[in-house]
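Asker: Sequence first, predicted coordinates after that:
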Amino acid sequence: MADFDAIVIGAGHNGLTAATLMARDGMRVLLLEKNQFVGGMAATTEVIRGYRFEIAGSVLFPVPDEIWNTLRLDECESLESDVMSVNVGLPDSAPMIFYADPEQLMNHIMETNGMDAVMGMAEIAGWCAAPARALGRNEVGLPPRSLDEMFATATNEKERDAIRTALFGSVMDVVDRYLPERERDAVLRGMLAFLSVNSTYRGPYTPGSALCLAFAMGSSGTKMISKIKGGIGALCEHVRDLFLESGGELRLHAKVEEILTDGKQVTGVRLTDGEVIGAPIVVSNLDPSLTFAKFLDPAVVPDDLRTRIEGIDHRASYVQIHFALDGLPEFEGKYAVANEGTRRANLGVFSPPEQMQRDYEGCLRGEVPEMPSFGLQIPSVLDPDLAPPGKHAASAYAFYFPVTGTREEQNRLADVMADRVIARVAQMAPNFPDIIDRRVVYPSYTFELMFGAPGGDFCHGLLQPEMMGPFRPGPTGWPDRPVPVDGLFLSSTGCHGGPGVTFIPGYNAGVAAIGSFHA
């Protein structure tokens, strides 16, 4: 008799979800996590003593109702704000306030940019609907569609053209069509461009960058950003508790070395300390590339599958910076509106798309942008418990960082990029450099060391057309290339339904594993 009915490798949000579903079904489930905390890249951790940070993931994507109810996510306290973000463009450009209330947001855009901009934003939102539906953006329990099936979801030629543009065009093919005024709408254009490229290795004018816009915006509901008390990691701790309440067993600091098989069927895992644990089902919450290339005996991985995973793009061109702040930035002049209420919780600083394209091309040459585009979050504005009294925890996510060269070179350039992010904030809030008590700079490769994400790619396969739809595996593999051994299931954000904190890949894997167990 096996030690367990199922073993889950990795306690990220998707691994926790799969494990919880199986444990609730009555299966004997062991969840293994190499770190001392759960959540993976959706954890809230103490990077700097006394300060807790959302280590990578910070935004909860809209979650399908079936998953929301099953995981009882309504029990996690959300932090509401009347403003989603304050966005700015080039120095001296006026900020735009992105209100949470859609009507208030549209009124603000009309006042600042005119009715043409309001109509343009509505047209872009409408454009996103068909590609998002073709992708199955919010579907649960269904395999990815083939390309023919994706186009078949179109109800008219306009929707078919939108799907075609999403797959083969650039985000600016869409934005230039509906928001053509480059100067007047610079902040809106920059925001949409950044939203579309920050999970890719593309420029906003590079073909293949449009699909991410549809993925990000083409979802139900009206709010694009939702914050959780305790940070995004509180969601994972909640699901962990559900797992333990259902009788599951969790082991932290337990690192898997190999997924064991008899050549055709999974038999369990071996840990790095040599312990062998038996189970007929293994759910891998690891990146699919790692699952097949590192954790399985090469003899059971066919050459065509090895070639496929070697072709997955993991070039994550970002730097993350965590700050321990002695106070809050004080914005001056036209930027002073950001000081009101809780508006400093989320700031977007976006160059125009034309400059972002030049930054991307410079990134290819190994150059750091002179003025990086980035998001700056200070979640302790909404959630003071994340920092000591009177202090604040802040994080910046900056794009386009060159991912060529040695790690020593990347560390040096990451500090250069961090300095340029700070300088750009200081142009609006001159006190910002003085309130930084400490900073921690993470070039993207750091997350490969911490979480096993190749290249620091938090998407486990960048959000580009060649890794979406039928090119992103489901829990049992790709439509044309299933997992080569029985009993092995995939649950990571690299699967259909990901990336992002959607819980969909983990839910799908849990359902598939339960079905296999009872077959």
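Answerer: Looks like it arrived, so ask away.
Asker: use CA for all of it now, contacts and neighbours both
Answerer: Noted.
Asker: Tell me the spacing between Gly112 and Asp176.
Answerer: If you look again at residue 112, you'll see it is Thr, not Gly. 19 Å (C-alpha to C-alpha, to the nearest Å).
Asker: The two - which one has more neighbours?
Answerer: Thr112 (16 against 13; other C-alpha atoms under 10 Å).
Asker: so what's that one up against?
Answerer: Applying C-alpha atoms under 8 Å, 6 or more residues apart in numbering to Thr112 gives the contacts Met96.
Asker: Run a quick neighbour tally on Lys274.
Answerer: One correction, residue 274 is Gly, not Lys. For Gly274, the neighbour count with other C-alpha under 10 Å is 11.
Asker: separation between it and Glu258?
Answerer: Relative to Glu258, and taking C-alpha to C-alpha, Gly274 is found at 10 Å.
Asker: cool, Gly231 as well?
Answerer: The separation that Gly231 has from Glu258, given C-alpha to C-alpha, amounts to 32 Å.
Asker: Report all helices and strands that the helix or strand bottoming out on mean pLDDT in the chain contacts.
Answerer: Of all helical and strand segments in the chain, the minimum by mean pLDDT, DSSP states H and E falls on strand 227-228, at a mean of 84. In this structure, strand 227-228 packs against strand 78-79, with contacts taken as 3 or more C-alpha pairs under 8 Å, 6 or more residues apart in numbering; DSSP states H and E.
Asker: The strand it packs on - contacts with which helices or strands?
Answerer: strand 227-228.
Asker: Can you name the element that comes right after the strand it packs on?
Answerer: Scanning forward in sequence from strand 227-228 by DSSP states H and E, the next helix or strand is helix 233-245.
Asker: how far does that next one sit from the chain's center?
Answerer: In terms of C-alpha atoms, centre = their mean, to the nearest Å, the centre of helix 233-245 is set 20 Å apart from its chain centre.
Asker: Just the buried residues of it, please?
Answerer: Judged by neighbour count using 16 or more other C-alpha atoms under 10 Å, the buried positions of helix 233-245 are 233-240, 242-244.
Asker: Same question for stretch 377-397.
Answerer: Of the residues in stretch 377-397, those with enough neighbours to count as buried (16+ other C-alpha under 10 Å) are 377-388, 391-397.
Asker: do stretch 467-474 as well
Answerer: In terms of neighbour count (16+ other C-alpha under 10 Å), stretch 467-474 has its buried residues at 467-474.
Asker: got it, and stretch 436-451?
Answerer: Neighbour-count burial for stretch 436-451, counted by 16+ other C-alpha under 10 Å, picks out 436, 439, 441-447, 451.
Asker: Could you report the separation of Leu449 from Arg72?
Answerer: Counting by C-alpha to C-alpha, the gap from Leu449 to Arg72 is 32 Å.
Asker: Just the closest of the buried residues of helix 233-245 to Ala324, please.
Answerer: Each of those was checked against Ala324 using C-alpha to C-alpha; the closest is Gly233, at 18.8 Å.
Asker: Which residue is the nearest non-sequential neighbour of the closest one?
Answerer: Sequence neighbours aside, Ala43 is the residue nearest to Gly233 in space, at 3.9 Å (criterion: C-alpha to C-alpha, 6 or more residues apart in numbering).
Asker: Show me the protein divided up by domain.
Answerer: Domain assignment of the chain by automatic domain parsing yields the ranges 6-58+231-312+460-518, 117-217, 314-450.
Asker: which one of the ones you listed lies closest to Pro91?
Answerer: Shortest distance between Pro91 and those, using C-alpha to C-alpha, is found for domain 314-450: 7.3 Å.
Asker: now for the closest one, what's the gap between its first and last residues?
Answerer: By C-alpha to C-alpha, the extent of domain 314-450 from end to end equals 16 Å.
Asker: just stretch 42-61 next, same as before
Answerer: Stretch 42-61 has an end-to-end distance of 12 Å (criterion: C-alpha to C-alpha).
Asker: average pLDDT for that stretch?
Answerer: Stretch 42-61 shows an average pLDDT of 86 in the prediction.
Asker: I'd like the domains of the chain as CSV, with distance to Tyr99 appended.
Answerer: Formatted as CSV, the entries for the domains of the chain read as follows, by distance: least, C-alpha to C-alpha, whole Å:
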stretch, distance to Tyr99
domain 6-58+231-312+460-518, 19
domain 117-217, 14
domain 314-450, 10
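Asker: which stretch among these comes nearest Asp82?
Answerer: Closest approach to Asp82 among the domains of the chain is made by domain 314-450 (8.4 Å; C-alpha to C-alpha).
Asker: quick check: mean pLDDT across stretch 455-471?
Answerer: Summarised as a single mean, pLDDT over stretch 455-471 is 92.
Asker: didn't Arg439 look like it was pressed against His322?
Answerer: Yes: Arg439 sits in contact with His322 when judged by C-alpha atoms under 8 Å, with a separation of 5.5 Å.
Asker: one step back: okay, and which of the buried residues of stretch 436-451 map to helices?
Answerer: Within the buried residues of stretch 436-451, residues falling in helices by DSSP state H are 446-447, 451.
Asker: what residues are up against Gln265?
Answerer: Contacts for Gln265 were tallied using C-alpha under 8 Å, 6+ apart; they are 280, 485-487.
Asker: Report the beta-bridge partners for it.
Answerer: According to DSSP bridges, the residues that bridge with Gln265 are Asp486.
Asker: Double-check His322 against Val441; I have them as touching.
Answerer: Yes: the pair formed by His322 and Val441 meets the contact definition of C-alpha under 8 Å, at 6.6 Å.
Asker: my read: Ser170 touches Tyr205, true?
Answerer: Yes: assessed by C-alpha under 8 Å, Ser170 is found in contact with Tyr205 at 5.3 Å.
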